[in-house]
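> below are the sequence and a predicted model; questions follow.
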Amino acid sequence: MGIHMDDNIHAPTVASGPTTTGGPDLDPAKLSMVELMQEKERIEEELSALSSVLTSVSNQMASTLENISNHLDLSQHGVNMNSSLTTFDDFPRADIDVAQIRTIRAKIIRLRYDHKEVMKYLEAGIHDHFSNLQRAQGDTSSVSNTNGSSGTQSNLTGNSSSDAVMLGLPFARVNSVAAASPADQAGLKPGDKIRSFGTINWINHERLSKVAESVQQNEGRTLIVKVLRQDGGDATELNLELVPRRDWGGRGLLGCHLVPL
């Protein structure tokens, strides 16, 4: 005879408590940018490790953490984060390991929360740094490229790893630029590494899909593109003004090809 279960069978097995972020005593607010980045990678690696046991996930598994977590160990049971664990008459399902699923769900919930907290402080730190950088560059002169577009530049030789993280890691490289295109007129050159594209950066670009969205949403508007350009042994950061448009005589709104790093 089956045992009738209360509705809370769907609740995670592990009660709420300290999160998994590096242990119960770790406070993301007290971490440096480098430590936050390391913690972000640790959480994502843990999610990836859990997903490696799956055998039924298709090759088109979504790349976002939301979709990854919905397909973790749970998919081998034929369920996800929202699947019912009871039958139509409120008895626990006999075709799945209910206890294991509840434990997995609890871990996924904690990992999601941890990742959200780390990302919050990472994004805040990067935005603060860019604000400070722009204020510091307020007294610098504008530089004009050969096409008449303007931007600012700063030499980055000798930055510490912490400074590099604060500035934002490059997430894309300019592979090619069409002549007379919006990208060409903005001053982009093959080999430039993109640090930020409008509001898109190494944290949120989602394999460049957000760059494409930003371009579509800002046709005819100026986007500030921060690039890192190598010149011999020196690296220079440039702030370029790019205006996506379709009337330049070529394909697309930019006229350049970006590849993810």
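Right, received. Where do you want to start?
> contacts and neighbour counts: CA atoms only from here.
Fine.
> where along this structure do the strands fall?
Secondary structure of the chain (DSSP state E): strands at 143-144, 150-155, 172-177, 193-197, 200-201, 223-231, 234-242, 256-260.
> most tightly surrounded among those?
Of the strands of the chain, the one with the most neighbours on average (mean count of other CA atoms under 10 Å) is strand 193-197, at a mean of 25.
> partner strands of that strand, with direction?
Sheet pairing for strand 193-197, assigned by DSSP bridges, gives strand 172-177 (antiparallel), strand 200-201 (antiparallel), strand 223-231 (antiparallel).
> so which of those is nearest residue 47?
Residue 47 lies closest, by CA to CA, to one member of the strands paired with strand 193-197: strand 200-201, at 22.0 Å.
> circling back: dump the strands of the chain into TSV; add distance to residue 102 and mean pLDDT as well.
Formatted as TSV, those follow (distance: least, CA to CA, whole Å; pLDDT from 0 to 100):
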stretch	distance to residue 102	mean pLDDT
strand 143-144	59	44
strand 150-155	52	51
strand 172-177	39	92
strand 193-197	40	91
strand 200-201	35	86
strand 223-231	45	89
strand 234-242	49	88
strand 256-260	37	90
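> could I get those strands as TSV with distance to residue 26?
Output for the strands of the chain, formatted as TSV (distance: least, CA to CA, whole Å):
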stretch	distance to residue 26
strand 143-144	44
strand 150-155	35
strand 172-177	32
strand 193-197	29
strand 200-201	26
strand 223-231	33
strand 234-242	34
strand 256-260	32
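> is it true that residue 36 touches residue 26?
No. Between residue 36 and residue 26 there is no contact under CA atoms under 8 Å: 10.9 Å.
> what about those two, which has more around it?
residue 36 (21 against 13; other CA atoms under 10 Å).
> need the contact list for the more buried one.
Going by CA atoms under 8 Å, 6 or more residues apart in numbering, residue 36 touches 28, 118, 121-122.
> no further questions, thank you.
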